[in-house]
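A.B. asks: Starting from these lines, generate the structure:
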Amino acid sequence: MPPPTSHEPLCDAPDWAQPVAPAHLPIASQSNNSGTDAEANLFNPQPKRDHLNYPIDTPTRPGGRDEAWLKAELPRLSRISPKQRKGLETSSKSFIDHQAGSTPINPKVNEELKEDPKVDDQKALVEVELGKFIEQKDEGAWAKSLYSDLVDQSEIRLFLEETTFYSQDRWVTIPASADDLLEEELYTPYVRLINLLLKRFVLRKGKQGVLWRKAIDTHSKPLAHQELHSTIRWSRPDVSVKAQGPSFQKCEPKRGKGTPEVGFSNMSSFMEMKVESQDTSLRDQVLQVGVYARQIFIQQPNRQFVRALLLTENSVRLFHFDRSGVMYTPFIDIHKDPYTFIRLVVGLNSLDESALGLDTSIQWRVKGGRKVGGTLTAVTADNTKIKYQLSKVDPVATLHDIRGRATQCWEVSDPKTGVYYLVKDCWRAEDRVPEHVYLEDARGLPGVVQMISFESNRAETRHFRGDNAIDYEGFHNRVATRTVMDSYGPSIEEFRSVKELLYALRDAINGHMHLNSKSIVHRDVSINNIVLGRKDLDTLPEPGFWGVLIDLHMAIKSGRPSNEISIDWRTVSRMYQSMRFLLNCEDSSSVMPAQNHLDDMESFFYVYTHILYKYDSEGNKFRVEDEVACWALGAAKSVAAHKRGFIFGLTLPSDIAKRWPKPCITLFYRFRRFIAEMTPLVVEFDWDGEASIGAEQADAKMSKVIQHYDKIFYLFDEAIEALEAEEDKATDKANARMGRFPTPDPDPQTPTKAKKTVAFQRSDAQGSLKRGLEEYPDELPVAKRNHDTAYVRPEGFAEFDPETPAKTTQRVPTPRHPRYRSPKSSELSEVKHS
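C.D. replies: Below you'll find the predicted structure:
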């Protein structure tokens, strides 16, 4: 059985916040101490009133019931337009009819990760990541055909006749085979030979006085690694070839040790030495070389493929890594075939960066050995080339796996207009629908990234591997794409106020709903795929774009035929995936269940939870508690177990609850309850065996897609209004202290919240809910704005009598926030029971 949640009852949670667990999931009892204190009852607070005795806060809910809105017992006004309602219903039905399976998942998700894995741990992960090691079974024909355009046969012949390094059909400087031959005895001879070849065939084509390529013995020199998080790890290829050029930069200096001469950021290739008497296994060869190749991909972000040589005293083997995995050649005798050996050394260290596997559409300006700027060239639909300026020399988002989509995102600016854009480079599986197809359908949708241009086929991995690449079992071709999109703000983690955070999340969910109404299911909701809206010249984001959902690479159409499911696996972030999804990752032979909008809703909840744990209301960062941090590192089934304990737990740790305003904590509990209400009806947990999917129950839930979005919008609108009420209360108190009083509403028959005569400028302590942001204009707040997906809670609650059906066509006039617009009569007719 999975471990119980580590939460302790350090702060009170309201009765309605406790999730209803399935019958086989026991929940610990907890006394409710809030019944004697009306002010402490988050669900049934006393209404606050203005100077005319009108309620100015959330009206009192019906007492004595457990959050009736979650049980679809109260009438609410849906603000989802008829067109969107029809789209959601069509999408839901199509999904139920067609989606019985999903793309297989990278088996690495079933491996436990470490925050800073050692090299041996990295080898284990690389093995899982690469999948099948593909051998080029052509007796070396492909390797022998490479780089013939770089070195002429006659040039090699002349060199072999002139050099003293080659005589009587062998390289005389390389030690002969012997039982007592040591690997260390190969380093110096090979470094000398490789530098000789570079000087003869490579450097003569470079600029005078500039050393572009140099082989260096690095078997005892630790070369620093880079990861998504800071790391102290390093590794040591036997021989590294230092490179200079527009795609390379010096290593970062080490504290107290100066700048290393060569590292993974400025090497064109590397060579690994083995003695034949050691009989090193193929697996060990691939994994050792694979760790080095992975670091080159990471530290040279425009790499399309990496090639490296494994050398013995008699032979050479070529390893080729790209986004489809790894391929290797048989050993080729370097003495009997010196032509192939020379061409491989020259080609892997050519001055032509495209021959090295570098994407030359991205070029940097290098000053003092370090990148200081650069350009990225994109091609528009009419074949016009635009050379954008890189705003940052490094990608703003990246994936570090060798095999897979290898997403790189670049922030660029138009050289003429200065407008910023986001460029996304990606390697999609050949049988996957291109992202630009979904982005085309998403044009004009609020809360969804907007596309400017795209390139659908910039390169293919099969073209890197020879004519017969597609014939090998285990090979899945990938296609390079480039998409230019509107640039928005930073990640949602960079929020500057609590309300900005809630506005952004709500708009992103609204964007998700719009996509779903267009029969598009996102399937990859994560903290990295939600960004803040763009603020131009200190202005606020456009309505509907306070938060933007990006990255539709993993999206599908709800009516996707089963024969269009990609056979190559996809990489996911276990941190934000749903329990149902994670439970089915363990058995790679089984068909993955199709992800639906409820899985994505659960992902939105985990994003919100992660932010609550990682930050406070002012954006200060904290250490994430283990009960949430483990979601990013554990194996899939273990993460699902921990999430179950969290979803059906009781309270947040008190220190986290104190860091955030009460409406945020209330939203957390209500959102969590919504997820808990959905979960047991979608998946039946059997933690001692497999997880079985309740198909009929899942379909029944899928059909209520409109109610699901309505409920989530309601949660956020309530939280946002509560935050505004807290701010207004603080302003009232401050104005009162300064002798300023609110002006009565001139028309008491249509009361509204009293307007302030003077805008009060909060101090830092008083304005934490709005730090760094100007006052929000009346027409812009997401929860209140006039657009067709906004959801407004009912403004009048009658006492609920289960024996008497509620009258949904009449509403009791109650005070509304000034930023609410009055519903039209056609909208009132759409009031339904959820």
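
A.B. asks: Not counting sequence-adjacent ones, nearest residue to Glu440?
C.D. replies: Met451 (6.9 Å; C-beta to C-beta, 6 or more residues apart in numbering). From N, CA and C alone the C-beta is placed, and that goes for glycine too.

A.B. asks: Quick one: neighbours of the one you found, just the number.
C.D. replies: For Met451, the neighbour count with other C-beta atoms under 10 Å is 19.

A.B. asks: That one against Arg443, yeah?
C.D. replies: Yes: proximity of Met451 to Arg443 meets the contact threshold set by C-beta atoms under 8 Å, at 7.1 Å.

A.B. asks: Trp546 reaches Lys499, doesn't it?
C.D. replies: No: with contact defined as C-beta under 8 Å, Trp546 and Lys499 do not form a contacting pair (9.3 Å).

A.B. asks: Mind checking which of those two has more residues around it?
C.D. replies: Neighbour count, other C-beta under 10 Å: between Trp546 and Lys499, Trp546 has more, with 32 against 24.

A.B. asks: That one: what's it in contact with?
C.D. replies: Listed by C-beta atoms under 8 Å, 6 or more residues apart in numbering, the contact set of Trp546 reads Glu500, Tyr503, Ala504, Arg506, Asp507, Leu532, Gly533, Val782.

A.B. asks: Looking at those, which are in helices?
C.D. replies: Using DSSP state H, the subset of the contacts of Trp546 located in helices is Glu500, Tyr503, Ala504, Arg506, Asp507.

A.B. asks: Just give me the neighbour total for the second one.
C.D. replies: Residues lying near Tyr503 (other C-beta under 10 Å) number 26.

A.B. asks: What distance do you get for it to Leu532?
C.D. replies: Separation of Tyr503 from Leu532 (C-beta to C-beta, to the nearest Å): 9 Å.

A.B. asks: what residues are shared contacts of these two?
C.D. replies: Common neighbours of Tyr503 and Leu532 (criterion: C-beta under 8 Å, 6+ apart): Trp546, Gly547.

A.B. asks: Provide the backbone phi and psi angles at Ala308.
C.D. replies: phi -150, psi 160 (degrees, to the nearest 10).

A.B. asks: quick one on the thing from earlier: now, among the contacts of Trp546, which is nearest to Ala355?
C.D. replies: Leu532 (41.1 Å; C-beta to C-beta).

A.B. asks: Name the residues linked to that closest one by a beta bridge.
C.D. replies: Using DSSP bridges, the bridge partners assigned to Leu532 are Gly547.

A.B. asks: which ones are touching it?
C.D. replies: 488-492, 494-495, 500, 504, 541, 546-548 are the contacts of Leu532 under C-beta under 8 Å, 6+ apart.

A.B. asks: What mean pLDDT does stretch 455-464 get?
C.D. replies: Mean per-residue pLDDT for stretch 455-464: 96.

A.B. asks: buried residues in it?
C.D. replies: Using 16 or more other C-beta atoms under 10 Å as the test for burial, stretch 455-464 gives Glu455, Arg458, Ala459, Glu460, Thr461, Arg462, Phe464.

A.B. asks: and Ser578, how many neighbours?
C.D. replies: 26.

A.B. asks: likewise Asn383?
C.D. replies: 6.

A.B. asks: before we move on, which element is it in?
C.D. replies: Under the criterion DSSP states H and E, no helix or strand holds Asn383.

A.B. asks: Torsion angles phi and psi at it?
C.D. replies: phi 70, psi 20.

A.B. asks: ok, now Glu724?
C.D. replies: Per degrees, to the nearest 10, the backbone of Glu724 is at phi -60, psi -40.

A.B. asks: Distance check, it against Arg580.
C.D. replies: Taken as C-beta to C-beta, the span from Glu724 to Arg580 is 36 Å.

A.B. asks: When the two are compared, which one has more neighbours?
C.D. replies: Between Glu724 and Arg580, counted using other C-beta under 10 Å, Arg580 has the larger neighbour count: 24 against 21.

A.B. asks: helices or strands up against the helix or strand harbouring Ile156?
C.D. replies: Element membership for Ile156, per DSSP H and E: helix 153-162. On a contact count with 3 or more C-beta pairs under 8 Å, 6 or more residues apart in numbering; DSSP states H and E, helix 153-162 meets helix 184-201, helix 338-347.

A.B. asks: Quick check: mean pLDDT of that helix?
C.D. replies: On average, helix 153-162 scores 96.

A.B. asks: Ok, stretch 585-597 next?
C.D. replies: 67.

A.B. asks: In stretch 245-261, which residues are buried?
C.D. replies: For stretch 245-261, by 16+ other C-beta under 10 Å, it's Gly245, Pro246, Ser247, Phe248, Gln249, Lys250, Cys251, Pro260.

A.B. asks: Report the two of the residues you listed separated the most.
C.D. replies: Maximum distance among those (C-beta to C-beta): 20.5 Å, for Pro246 and Pro260.

A.B. asks: before we move on, the earlier item: just send the contacts of Trp546 back as a markdown table, with pLDDT too.
C.D. replies: Putting the contacts of Trp546 into a markdown table (pLDDT from 0 to 100) gives the following:
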| residue | pLDDT |
| --- | --- |
| Glu500 | 93 |
| Tyr503 | 94 |
| Ala504 | 95 |
| Arg506 | 95 |
| Asp507 | 95 |
| Leu532 | 93 |
| Gly533 | 90 |
| Val782 | 42 |
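
A.B. asks: Name the nearest of those relative to Ile647.
C.D. replies: Arg506 (21.3 Å).

A.B. asks: doesn't Leu549 make contact with the closest one?
C.D. replies: No: counting by C-beta under 8 Å, Leu549 is not a contact partner of Arg506; they are 11.5 Å apart.

A.B. asks: contacting residues around the residue lying closest to Ile492 once chain neighbours are set aside?
C.D. replies: In this structure, Ile492 finds its nearest non-sequential neighbour in Ile530, 4.5 Å apart by C-beta to C-beta, 6+ apart. Counting by C-beta under 8 Å, 6+ apart, Ile530 makes contact with Ser491, Ile492, Ala504, Leu505, Ala508, Gly547, Val548, Leu549, Ile550, Val607.

A.B. asks: And the buried ones among those residues, selectable in ChimeraX?
C.D. replies: With 16+ other C-beta under 10 Å as the criterion, this ChimeraX line picks the buried residues out of the contacts of Ile530:
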select :492,504,505,508,547,548,549,550,607
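
A.B. asks: about what we covered before: now compare the contacts of Leu532 and name the two farthest from each other.
C.D. replies: Farthest pair in those, by C-beta to C-beta: Ser491 and Pro541, 14.6 Å.

A.B. asks: picking up where we left off before, possible to save the contacts of Ile530 as TSV with distance to Lys518?
C.D. replies: Listed next are the contacts of Ile530 as TSV, based on distance: C-beta to C-beta, whole Å:
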residue	distance to Lys518
Ser491	25
Ile492	23
Ala504	21
Leu505	21
Ala508	16
Gly547	18
Val548	16
Leu549	13
Ile550	16
Val607	22
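
A.B. asks: Just give me the closest of the contacts of Ile530 to His476.
C.D. replies: The shortest approach to His476 among these belongs to Ile550, at 25.2 Å (C-beta to C-beta).

A.B. asks: wouldn't the closest one be in contact with Asn529 here?
C.D. replies: Yes: look at Ile550 against Asn529 with C-beta under 8 Å: they come within range, at 5.3 Å.

A.B. asks: Which residue lies nearest the spatial centre of this structure?
C.D. replies: Asn528 (4.2 Å; C-alpha atoms, centre = their mean).

A.B. asks: give me every residue that touches Met327.
C.D. replies: Contacts of Met327 by C-beta under 8 Å, 6+ apart are Phe133, Ile134, Glu135, Gln136, Phe319, His320, Arg465, Ala469, Tyr472, Phe475.

A.B. asks: The same query, at a cut-off of 7 Å, please.
C.D. replies: Counting by C-beta atoms under 7 Å, 6 or more residues apart in numbering, Met327 touches Ile134, Gln136, His320, Arg465.

A.B. asks: contacting residues for the first one?
C.D. replies: Right, the one you point to is Ile134. Gly325, Val326, Met327, Tyr472, Gly474, Phe475.

A.B. asks: Surely it is in a strand?
C.D. replies: Yes: under DSSP: H, G, I helix; E, B strand; the rest coil, Ile134 sits within a strand.
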